[in-house]
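Colleague: Here you go, sequence then predicted model.
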Amino acid sequence: MGSQIGKRTIKFKNPPNITAAYSVAGRKEKEGPFGQSFDLTFDDEHWGEKTYEQAERKIYLKAVESVIERANLKPDDISFLFGGDLLNQIIASGFAAREVGIPFFGLYGACSTMAESAILGSMAVDGGFARYVVCATSSHFATAERQFRNPLELGTPKTPSAQNTVSASGAVLLTSDRGRYPAATHATAGRVIDLGATDVNNMGAAMAPAAVETIICHLEDTGRGDNYYDVILTGDLGTFGTSLFHKLADDSQHDFSAVHQDCGSLIYGGDEKMNCGGSGCGCGASMLCGHFYKELVQERIKRLLFVATGALHSPTSALQGESIPCIAHAISIEMGYGG
Amino acid sequence: MDIKKSVDDTNYLQYVKNAAPKSPLLKECVMAFIAGGLICVLGEALDDLGKCILGFGEEGADSFRTTVLIFLGAIFTGFGVYDLLGRVAGAGSIVPITGFANSVVAPALEFKWEGYVLGVGAKLFTIAGPVLVYGISSSVIAGVIYYIIKVL
């Protein structure tokens, strides 16, 4: 079983191996620079389903089923499914879990859910409570717009600091089986940070402080330097959030400019129509399980710190004038660690 | 580290406010002027069409123009084009009555899966509702004030 080091970092004793990862993404994501790295793509927001919510459930389900298949396992072999999504009562994940029948821990960490799930999944595996677990999250442009913003056909322009919710899903399979795979070695749980940002069209500004706080704490706890990781990968800070991230790091005498990448800024390749880039659970999840997992397996990246940030507000809290509390969970994924 | 302290020192929120990407105001005003103007020109043309060619008379032409504009706003929303126009035209396509049609039809399209009563019926005026409530309320107040002034 792992142990706690420093203030709030977990060091896994037998780092759980990520033996498979699977990503599903929509048309706009496919047209982006990382389109080829997604394992499965779909063209129509409905993906053959009646409602958008059903479409999101389908992308979640596809990711979960396919990651299990890819590891040559069956749903019955999986002890637990950890995951969530952005919808009220996390209906994409819950309904998908109904289909696969794997014991399910439903989580809500907004866009941080992928890292949160992977951390809890790793703890279950390293703790000896499970041999195989699956961690998965999803988001969908249309379902998120409906819930958090305006109807899709409403003719109002977007704020320049806004981001586009990614229609995508990602799933990883964690196991205690040995072998040379990317493994979850450390994890740092996030504190909820709220600096008083209230603009729901500027999530990057609300989330950047949480990301910086968690990363610095992680590095202090593990005694690692700013450039220990080949890549520090944030989930969906977006282009403006990224610039704030660097400023805040700089204010704290850290410099991540050489190693930091942000899924939200990358996924659409700076397409102006997407304003500050992508957001949503599926953004970080699909990029981690698509492009970056492949880079880890091929050992082009050996040490990756995945930091997914989430905004824990709701439309109700925003209307009531509350500020946006944010969280960032970090999980260190390394290839050939200790061996 | 204490992020709150380090951020308080640098006045983060003020920094965000200054650094946030801004809307290109001048460009948006010009686009709104052109698009809104064109919609109004179309309205005038419809008015003339109703009055001079179709012979609806003054009041008939008013209704004709309004009805056609609302119809066009609704149909272009249905075709999924009005939001694309809105992205370019901004307030130019929101403020005219076509924008009002858009704000009613957009939720109607979107919430049909939740049923015709609790979906479409309940959500139809989520965007336009406040405009109606305060538009009608203020016209009542204006009417009362007008009445009092007349009596005096």
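Modeller: That came in fine, so what should we check first?

Colleague: Residue A:142 and residue A:281, how far apart?
Modeller: As judged by C-beta to C-beta, to the nearest Å, residue A:142 and residue A:281 stand 15 Å apart. (C-beta placed from N, C-alpha, C; glycine too.)

Colleague: Next up, identify which helix or strand residue 138 is on.
Modeller: Just going to use chain A. Following DSSP states H and E, one finds residue A:138 within strand A:132-139.

Colleague: meant chain B actually
Modeller: helix B:129-151.

Colleague: can you tell if that helix touches chain A?
Modeller: No. Helix B:129-151 lies out of reach of chain A by C-beta under 8 Å from any C-beta of the partner chain, never closer than 12.3 Å.

Colleague: Alpha carbons only: can I get that helix in PDB?
Modeller: What follows is helix B:129-151, C-alpha atoms only, in PDB (Å, rounded to 0.1, in the frame of the first residue of the first chain):
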ATOM      1  CA  GLY B 129     -39.400  36.000 -20.800                       C
ATOM      2  CA  PRO B 130     -37.500  38.700 -18.900                       C
ATOM      3  CA  VAL B 131     -37.800  41.000 -21.900                       C
ATOM      4  CA  LEU B 132     -41.600  40.500 -21.900                       C
ATOM      5  CA  VAL B 133     -42.000  40.900 -18.200                       C
ATOM      6  CA  TYR B 134     -40.100  44.100 -17.900                       C
ATOM      7  CA  GLY B 135     -41.200  45.400 -21.300                       C
ATOM      8  CA  ILE B 136     -44.900  45.000 -20.400                       C
ATOM      9  CA  SER B 137     -44.300  46.200 -16.800                       C
ATOM     10  CA  SER B 138     -42.600  49.400 -17.900                       C
ATOM     11  CA  SER B 139     -45.200  50.100 -20.500                       C
ATOM     12  CA  VAL B 140     -47.900  49.800 -17.800                       C
ATOM     13  CA  ILE B 141     -45.900  52.300 -15.600                       C
ATOM     14  CA  ALA B 142     -45.400  54.600 -18.500                       C
ATOM     15  CA  GLY B 143     -49.200  54.400 -19.200                       C
ATOM     16  CA  VAL B 144     -50.100  55.300 -15.600                       C
ATOM     17  CA  ILE B 145     -47.700  58.200 -15.600                       C
ATOM     18  CA  TYR B 146     -49.100  59.400 -18.900                       C
ATOM     19  CA  TYR B 147     -52.600  59.100 -17.500                       C
ATOM     20  CA  ILE B 148     -51.800  61.200 -14.300                       C
ATOM     21  CA  ILE B 149     -50.100  63.900 -16.400                       C
ATOM     22  CA  LYS B 150     -53.200  64.100 -18.600                       C
ATOM     23  CA  VAL B 151     -55.500  64.300 -15.600                       C
END
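
Colleague: Name the residues of it that are buried.
Modeller: With burial defined by 16 or more other C-beta atoms under 10 Å in any protein chain shown, not one residue of helix B:129-151 is counted as buried.

Colleague: So for residue A:142 and residue A:281, which sits in the more crowded spot?
Modeller: Comparing residue A:142 with residue A:281 by neighbour count (other C-beta atoms under 10 Å in any protein chain shown), the higher total belongs to residue A:281, at 40 against 20.

Colleague: residue ranges with poor pLDDT in the chain?
Modeller: Using chain A here. Residues of chain A that meet the criterion pLDDT under 70 lie in A:338-339.

Colleague: You answered for a different chain; I wanted chain B.
Modeller: Within chain B, the ranges that satisfy pLDDT under 70 run B:1-10.
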